[in-house]
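Q: got a predicted structure plus its sequence, pasted below:
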Amino acid sequence: MHKLLYKAGISLATASLIAQGFAGVALASLDVEISGNGANSDSTANVGVSNTTQVTQNNTANITNNVNVSADTGKNDANKNTGGDVDITTGNAKTTVGVSNTANANVADVNGCCVGDLNVTISGNGAKSTNEANVGVSNTTYVDQDNYAKIKNNVDVDADTGKNDANGNTGGSVSITTGNADTTVAVSNTANKNVATVGNGSGGGTLSVVISGNGYKSTNTANVGVSASTLVFQNNSAKITNDVDVDADTGKNDANKNTGGDVEILTGNADADVDVSNLANFNWADVDSCGCILDGTVKIAGNGAKSDNEANVGLASVTGVAQDNDYSCGYGHRGGDVNSSFRGGKHKSTPCNDVNVDLDTGKNDANSNTGDPDGDPSVTTGNAEADVVVETTANFNSTEGADFDWDFPDFPNHGSSASLLFMLLAFFS
């Protein structure tokens, strides 16, 4: 009895991706000038500018893969035959399983967090004039990126060329020869990446406050306040469980109670390659390129006798980055705010990676056979080799220019709608 090669292959890929880009509106330049007004004039300029940019990105991925693969050329019976040789030869059994999950990536590229050029001038006004310029500029940038990924992979692979029976035969030799059983399983999980770039790297503009050339007994006041706030919140929660069972058999063959000839069992090799890779939770925030006002000049000069001149300038810059990662294998999270998983949530303790590999070329029986008195039953087994690699890399935070080369999908470096559409079409094609 002969069975030909049986090959089973399966490749499963799942992906969940949301990417957003945003370019804020910057204040390119602002000029406030009170000049050339006559004697005894009263001039006031009040200017208030407020820019707020808010980007919120949330991803939730729930992925479950159940893969069952069975490849058999064995499990053959040739029993109780009379009058000739009995031969069972099986082909090879080969299985290849690939499971790849890529989920949850946020990219925010926010420009315009800084004030541009700001110029306030009070000059050339007449005697006894009163001149006042009040300027307030505020820029606020808020980026919130959240990812929640729950991934569970159940992979069960069975490759058999063995488990053959040739029992109770009469009249000739009995031979069982099995092929090789080869299994390859690759499971890859990549989840939760946040990238936030705030500012275009060109820094801020210039500040100039000048009170000059105003007349006798004039009163001149310039009040200038500039504030810039940048707040970035990045949160990741990943719960990844891999349950992989591999069984490859060329053995477990029986050749018992045969009469009349030699008995031989020759098994093939049993090989298993299992690779489980988990990559989760990466935060990178670049806020250094949002260094705002770099150059400033405040000048009071050349004003008339008994003039009263005052320049008040206040500059404030606040930058805050909060980065949180949670990697676990339990299933306590039930959705909702991703931050709830960071604050004392209870998770059921389960293995992150449960890998079981069983390879058999042995467990063969050649018992109670009767034949040539000078002959001996022969059992020859093949090799059993297993190569199992499990790798987990998780929880990385950076606010500097890190060299980060995890194999996430590539994203465009700017936030135009055309580039975003192109990236999405390329990813899902």
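A: Yes, it's here.
Q: partner residues bridging the residue nearest to residue 310 when sequence neighbours are not counted?
A: Using CB to CB, 6 or more residues apart in numbering and skipping the chain neighbours, the partner closest in space to residue 310 is residue 221 (4.8 Å). Where C-beta positions appear, they are placed from N, C-alpha and C, glycine not excepted. Residues in a beta bridge with residue 221, per DSSP bridges, are residue 132, residue 310.
Q: repeat that for residue 360.
A: Counting by DSSP bridges, residue 360 forms beta bridges with residue 249.
Q: quick one: pLDDT of it?
A: The per-residue pLDDT reported for residue 360 equals 86.
Q: how about residue 397?
A: What the model reports for residue 397 is a pLDDT of 87.
Q: picking that back up, so who does the residue nearest to residue 310 touch?
A: 131-133, 309-312 (CB atoms under 8 Å, 6 or more residues apart in numbering).
Q: against residue 37, how distant is it?
A: Spatial separation of residue 221 from residue 37 under the definition CB to CB, to the nearest Å is 14 Å.
Q: can you check residue 258 too?
A: Distance check for residue 258 against residue 37: by CB to CB, it reads 121 Å.
Q: repeat for residue 303
A: When distances are taken as CB to CB, residue 303 and residue 37 turn out to be 14 Å apart.
Q: ok, now residue 269?
A: In this structure, residue 269 lies at 98 Å from residue 37, with CB to CB as the measure.
Q: equivalent analysis for residue 105, please.
A: Between residue 105 and residue 37 the computed distance is 57 Å (CB to CB).
Q: between the two, who's got more neighbours?
A: Neighbour comparison, residue 105 and residue 37: the larger count goes to residue 105, with 25 against 19 (by other CB atoms under 10 Å).
Q: partners of that one in the sheet?
A: When bridges are assigned using DSSP bridges, the partners listed for residue 105 are residue 193.
Q: per-residue confidence at it?
A: You'll see residue 105 listed with a pLDDT of 90.
Q: ok, now how distant is it from residue 279?
A: Summarising the geometry, the distance separating residue 105 from residue 279, computed by CB to CB, is 12 Å.
Q: just to be sure, residue 44 is in a strand?
A: Yes - counting by DSSP: H, G, I helix; E, B strand; the rest coil, residue 44 is found in a strand.
Q: OK, contacts around it?
A: 131-134.
Q: at 7 Å instead, please
A: residue 132 (CB atoms under 7 Å, 6 or more residues apart in numbering).
Q: next: residue 219.
A: For residue 219, the residues meeting the contact criterion (CB under 7 Å, 6+ apart) are 130, 308.
Q: switch to 10 Å and redo it
A: Contact criterion CB atoms under 10 Å, 6 or more residues apart in numbering gives 42, 125, 128-132, 307-310 as the residues in contact with residue 219.
Q: partner residues bridging residue 69?
A: In this structure, residue 69 has the following beta-bridge partners (DSSP bridges): residue 157.
Q: check the gap between it and residue 355 for me.
A: With CB to CB as the criterion, residue 69 and residue 355 are 16 Å apart.
Q: for this structure, which segments are assigned as helices?
A: In order along the chain, the chain carries the following helices (DSSP state H): 417-428.
Q: mean pLDDT per helix and strand in it: which one sits at the bottom?
A: Comparing helices and strands within the chain by mean pLDDT, DSSP states H and E singles out helix 417-428 as the least confident, with a mean of 34.
Q: quick one: low-confidence parts of the protein?
A: Counting by pLDDT under 70, the chain shows low-confidence ranges at 1-28, 112-115, 200-204, 288-295, 330-350, 373-376, 400-429.
Q: hmm, try it at 80
A: Within the chain, the segments meeting pLDDT under 80 span 1-29, 111-116, 199-205, 287-296, 329-351, 369, 371-377, 400-429.
Q: just to revisit the earlier point, residues shared between the contacts of residue 105 and residue 279?
A: 190-193, 408.
Q: closest to residue 284 among these?
A: Here the nearest of the shared contacts of residue 105 and residue 279 to residue 284, counting by CB to CB, is residue 193; it sits at 8.2 Å.
Q: what is the burial count for residue 391?
A: Other residues near residue 391 come to 11 when the count uses other CB under 10 Å.
Q: the one 3 residues further on now?
A: As a burial measure, the neighbour count of residue 394 was computed by other CB under 10 Å and equals 19.
Q: contacts only, for it.
A: Taking CB under 10 Å, 6+ apart as the criterion, residue 394 is in contact with 191-192, 236, 238, 240, 278-282, 325-328, 352.
Q: list the buried residues in stretch 167-179.
A: When neighbours are counted by 16 or more other CB atoms under 10 Å, the buried residues of stretch 167-179 are found to be 167-170, 172-179.
Q: show me where the stretch 201-350 of the chain has strands.
A: Across the stretch 201-350 of the chain, reading from the start of the chain, the strands by DSSP state E, counting those that start in this stretch fall at 206-212, 219-249, 263-266, 270-286, 295-301, 308-328.
Q: next, format those strands as JSON lines and append distance to residue 161.
A: Rendered in JSON lines, the data for the strands of the stretch 201-350 of the chain read as follows (distance: least, CB to CB, whole Å):
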{"stretch": "strand 206-212", "distance to residue 161": "79"}
{"stretch": "strand 219-249", "distance to residue 161": "7"}
{"stretch": "strand 263-266", "distance to residue 161": "11"}
{"stretch": "strand 270-286", "distance to residue 161": "9"}
{"stretch": "strand 295-301", "distance to residue 161": "78"}
{"stretch": "strand 308-328", "distance to residue 161": "40"}
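Q: between the ones you listed, which one is nearest to residue 366?
A: Of all the strands of the stretch 201-350 of the chain, it is strand 263-266 that lies closest to residue 366, at 5.1 Å by CB to CB.
Q: report all helices and strands that the closest one contacts.
A: Secondary-structure packing of strand 263-266 (3 or more CB pairs under 10 Å, 6 or more residues apart in numbering; DSSP states H and E): strand 86-89, strand 174-177, strand 378-380.
Q: by contact count, what packs against the last one?
A: Using 3+ CB pairs under 10 Å, 6+ apart as the contact criterion, the elements in contact with strand 378-380 are strand 174-177, strand 263-266.
Q: including distance to residue 231, could these go into JSON lines?
A: Compiled in JSON lines, the helices and strands packed on strand 378-380 are given as follows (distance: least, CB to CB, whole Å):
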{"stretch": "strand 174-177", "distance to residue 231": "71"}
{"stretch": "strand 263-266", "distance to residue 231": "71"}
